[in-house]
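J.: got a sequence here, can you build the structure:
(2 chains)
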Amino acid sequence: MTESNVPDNRPDNVPDETPELVAEGQEQIGTREGMFGVRGTGDTSGFGGLVRPVLFPAPAKAPYGGWYDEVAGALEAAEPSVVIDRGEITFHVRREDLVTVARILRDKLSFEFCSGVNGVHYPEDAGKELHAVYHLLSMTHNRRIRLETSAPDADPHLPSLVSVYPTLDWHERETYDMFGLVFDGHPALTRILMPDDWPGHPQRKDYPLGGIPVEYKGASIPPPDTRRSYS
Amino acid sequence: MTTTNDYGFDTSEGRVFTVSGQDWDQLTDQLGEAADERIVVNMGPQHPSTHGVLRLILELEGETVTEARAGIGYLHTGIEKNMEYRSWVQGVTFCTRMDYLAPLHNEATYSLGVERLLGIEDDVPEKAQVMRVLLMELNRISSHLVAIATGGMEIGALTVMTIGFRERELVLDLFELITGLRMNHAFIRPGGVAQDLPPGALEEIRGFVELMKKRLPEYADLCNANPIFRARLENVGVLDLEGCVALGLTGPVLRSTGYPWDLRKTQPYCGYEDYEFDVQTWDTADAYGRFRIRLGEMWESLRIVEQAADRLAKLEGAPIMVADKKIAWPSQLAIGSDGMGNSLDHIRHIMGESMEALIHHFKLVTEGFRVPAGQAYVPIEGPRGELGAHIVSDGGTRPYRVHFRDPSFTNLQATSVMSEGGMVADVIVAIASIDPVMGGVDR
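T.: Model prediction:
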């Protein structure tokens, strides 16, 4: 715990040392502070000083069982990190390996169908803030996997998979539009949902929701992103 | 600099004409000696989905389409972003508004995803699952009716449109009876459904099924062998299996290639494995095949609705929400002298009997429940194809990120490949056979 991310409004009764909460292997993608969205002197609950890590399911260790091993074996060269959670398997790969991995999945393992790509922005996950998540389906074997890769905010480039899955044409445009992820090699990477001259990428976490307060019976209701939140 | 004459005007991008119908001869007169040049046309609005929200850009040579592009985004409302600022339960009220012809499917895929993240998939009561199936199949019928109705209207078969909307109205009446609303229901929620079936609902449903059995043959009589209808639809908008899979097309378009891929059969959810129904396929891969598949699927949906109604008759009084009080909505609605609100029993309990119940109600309604960190994707077979929600939770009371894989969005990509090289008039048929709903495309 560094000095910078300790909230300045810590009540006196909070212990100085925060115990290590991250178990081995678990991936911390952020930190949650406080509880009722109240900061400073307004915090009478004492929960304002609460600091908790946001943990994602830990990677699994081989063997994974069943057909999971077959897929993992074929992707061995890319050294994917495999997460099995809630009955779904996720392969995290480096972005350099993305096209190779997708080709192996499509041609060797019959994942002929791609449901699309979705971006997720983790601003606190240093060095891999922008994730791209692909859902692949093998109609032949009736299997689903998730392929995940990431890019840092400073260099938001990923290789395009349109050459492997043509369906990703619009999906990659949407992800670019919403997150600013640049898919190198896409045939025409332009905005798709927002106007062409729109500034910013709306689904990023640093992009505000916007809105104006609404008057109702004399009271003013703040816009959703400035209301009290129960993080 | 623009110079206008009686019809067209010059711009830096070339000559621009506004053609509104019945005046094609004026256009050709005006084009004069330049008539052999390519013409780029912004076509529409034609399909009811396209009024101002789908832009079709066609490059024509005569009446042949050489290039077709679809411009979308005009109906983007930021639903996914908004969901990140509401509780998990409130998310349902947003996603139901996306594909407005299949609101219950949107709710279902979102709820199934949240349930997987919560780890309560097996705890959802049987009655809730049966009610979901019932509502989704009714919704499939109403959605397919609109697809057939609007598709018919576009090619001039106005009777198909009027009878299609007549029957759809019956489904919406059922929705109103069961959920309280004709659309935007927010009825299927994480953990179950919002309300129990109202008294008399099963009789209404059975009556509807009987009526539909009389009326569905009308569509077959009007269209199936109608030479004009067939001439407009057959061999139009052809896309084979390879093209469908490469472009990610699902639903009736994929099944019109003869491939029986239906998630209700291949990856059952909500207990679809317990119902008897057949996957509808056709082997022509064209607009006519997709029409016949939709017609056939309505019959299959009626079969499922009947089976669901029979099961619901045996489940009277069974729970419709998970038993976990930390997830289930604390109150039930009831109609009082001053309109609908929380049931009097519940108000008596929280206001007069139990302080803890009041706190619990307040916390669950304002703060909502927490969902353990992770991600889930539980796709379902929507009327238009694979509809799924990729849901990411960071362990908070709000979704961290929800992304809907809407079949309309993906399927609309096939506009180009289905229309290029064909006639202008066939573009309309091809798009109608995709059945895009722009609310789902743009979200």
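J.: what about A:I29, how many residues close to it?
T.: Applying other C-beta atoms under 10 Å in any protein chain shown, we find 22 residues neighbouring A:I29. From N, CA and C alone the C-beta is placed, and that goes for glycine too.
J.: wait, doesn't it sit right on A:Y122?
T.: Yes - look at A:I29 against A:Y122 with C-beta atoms under 8 Å: they come within range, at 4.8 Å.
J.: overlap in contacts, those two.
T.: Taking C-beta atoms under 8 Å, 6 or more residues apart in numbering or on different chains as the contact rule, A:I29 and A:Y122 touch no residue in common.
J.: please, where are all the strands along the chain?
T.: With no chain named, the answer covers chain A. A:27-33, A:51-56, A:81-85, A:88-92, A:113-121, A:130-138, A:143-151, A:157-159, A:182-184, A:214-216, A:219-221 (DSSP state E).
J.: nope, chain B
T.: Assigned by DSSP E, chain B shows strands spanning B:9-11, B:14-16, B:39-43, B:55-61, B:64-71, B:188-189, B:192-193, B:333-336, B:339-342, B:374-377, B:380-382, B:385-393, B:401-405.
J.: tabulate these (JSON lines), appending mean neighbour count and mean pLDDT.
T.: Listed next are the strands of chain B as JSON lines, based on neighbours: other C-beta atoms under 10 Å in any protein chain shown; pLDDT from 0 to 100:
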{"stretch": "strand B:9-11", "mean neighbour count": "12", "mean pLDDT": "71"}
{"stretch": "strand B:14-16", "mean neighbour count": "13", "mean pLDDT": "72"}
{"stretch": "strand B:39-43", "mean neighbour count": "16", "mean pLDDT": "79"}
{"stretch": "strand B:55-61", "mean neighbour count": "17", "mean pLDDT": "85"}
{"stretch": "strand B:64-71", "mean neighbour count": "17", "mean pLDDT": "88"}
{"stretch": "strand B:188-189", "mean neighbour count": "26", "mean pLDDT": "92"}
{"stretch": "strand B:192-193", "mean neighbour count": "27", "mean pLDDT": "90"}
{"stretch": "strand B:333-336", "mean neighbour count": "12", "mean pLDDT": "78"}
{"stretch": "strand B:339-342", "mean neighbour count": "11", "mean pLDDT": "80"}
{"stretch": "strand B:374-377", "mean neighbour count": "24", "mean pLDDT": "92"}
{"stretch": "strand B:380-382", "mean neighbour count": "27", "mean pLDDT": "93"}
{"stretch": "strand B:385-393", "mean neighbour count": "27", "mean pLDDT": "93"}
{"stretch": "strand B:401-405", "mean neighbour count": "25", "mean pLDDT": "93"}
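J.: let's have these in CSV, adding distance to B:T257.
T.: Listed next are the strands of chain B as CSV, based on distance: least, C-beta to C-beta, whole Å:
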stretch, distance to B:T257
strand B:9-11, 43
strand B:14-16, 39
strand B:39-43, 27
strand B:55-61, 24
strand B:64-71, 21
strand B:188-189, 31
strand B:192-193, 35
strand B:333-336, 45
strand B:339-342, 47
strand B:374-377, 25
strand B:380-382, 16
strand B:385-393, 13
strand B:401-405, 21
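J.: and A:A62, how many residues sit next to it?
T.: Neighbours of A:A62 under the rule other C-beta under 10 Å: 11.
J.: with mean pLDDT and distance to chain B as extra columns, can I get the strands of chain A in a markdown table?
T.: Formatted as a markdown table, the strands of chain A follow (pLDDT from 0 to 100; distance: least, C-beta to the nearest C-beta, whole Å):
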| stretch | mean pLDDT | distance to chain B |
| --- | --- | --- |
| strand A:27-33 | 79 | 6 |
| strand A:51-56 | 83 | 5 |
| strand A:81-85 | 87 | 5 |
| strand A:88-92 | 90 | 7 |
| strand A:113-121 | 92 | 4 |
| strand A:130-138 | 93 | 5 |
| strand A:143-151 | 92 | 7 |
| strand A:157-159 | 93 | 16 |
| strand A:182-184 | 93 | 15 |
| strand A:214-216 | 90 | 15 |
| strand A:219-221 | 90 | 14 |
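J.: right, so of those, which gets closest to B:M153?
T.: strand A:113-121 (30.7 Å; C-beta to C-beta).
J.: residues contacting residue 162?
T.: Here I'm looking at chain A. A:V162 neighbours (C-beta under 8 Å, 6+ apart): A:168-169, A:172, A:183, A:185-187.
J.: um, chain B though
T.: B:A149.
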